[in-house]
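*Asks:* have a look; sequence and predicted model below, questions after that.
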Amino acid sequence: MRDQGGESAGEPAREHRGARRLGRAELGAEPGERATLVQFSSAFCQPCRATRRILAEVAAMVEGVAHIEIDAEEHLALVRELGVQKTPTVLVLDATGRIVRRAAGMPRTADVIAALGAAV
């Protein structure tokens, strides 16, 4: 899984974006107690469907982790603010809502679990 800058999923989010915290108001759902996997998707995105399954499986395996999917087309202001350029884009948030990891494209389960390590 690579982010938009070519960094691996294990790399920290860029500093200017890492300072941003996302909560229930921005996400439209209650974040996880320990971490949140945020997925930006679009309606006809085939990799988004597979990403949804992967993130849901990981969230179910790790206590206190939530998976929240956001329709990129319906939340353009947030997409622009966060610099989301393609779907799927996955953000890993820590318990405070701070973005600690970011990647674009369909992730592997092992990469998601490794990225969660930075958040919990």
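*Replies:* Yes, it's here.

*Asks:* centroid residue for this structure?
*Replies:* Among the residues of the chain, Leu91 comes closest to the average C-alpha position under CA atoms, centre = their mean, at 2.3 Å.

*Asks:* got the contact list for that residue?
*Replies:* 13, 22, 37-38, 40, 82, 99, 101-102 (CB atoms under 8 Å, 6 or more residues apart in numbering). Bear in mind the C-beta positions are built from the backbone N, C-alpha and C, glycine included.

*Asks:* do that again at 10 Å, thanks
*Replies:* 3, 13, 17, 20, 22, 27, 36-40, 68, 70, 82, 84, 99-103, 115 (CB atoms under 10 Å, 6 or more residues apart in numbering).

*Asks:* before we move on, what about Thr96?
*Replies:* 21-23, 31, 119.

*Asks:* ok, of those, which come out buried?
*Replies:* Buried residues within the contacts of Thr96, counting neighbours by 16 or more other CB atoms under 10 Å: 22, 31, 119.

*Asks:* leaving out sequence neighbours, find the closest residue to the last one.
*Replies:* To tie it back to what came earlier, the one meant is Ala119. Excluding the flanking residues, the one nearest Ala119 by CB to CB, 6 or more residues apart in numbering is Ala35, at 3.8 Å.

*Asks:* show me where the protein has its strands.
*Replies:* Assigned by DSSP state E, the chain shows strands spanning 35-41, 65-71, 89-94, 99-104.
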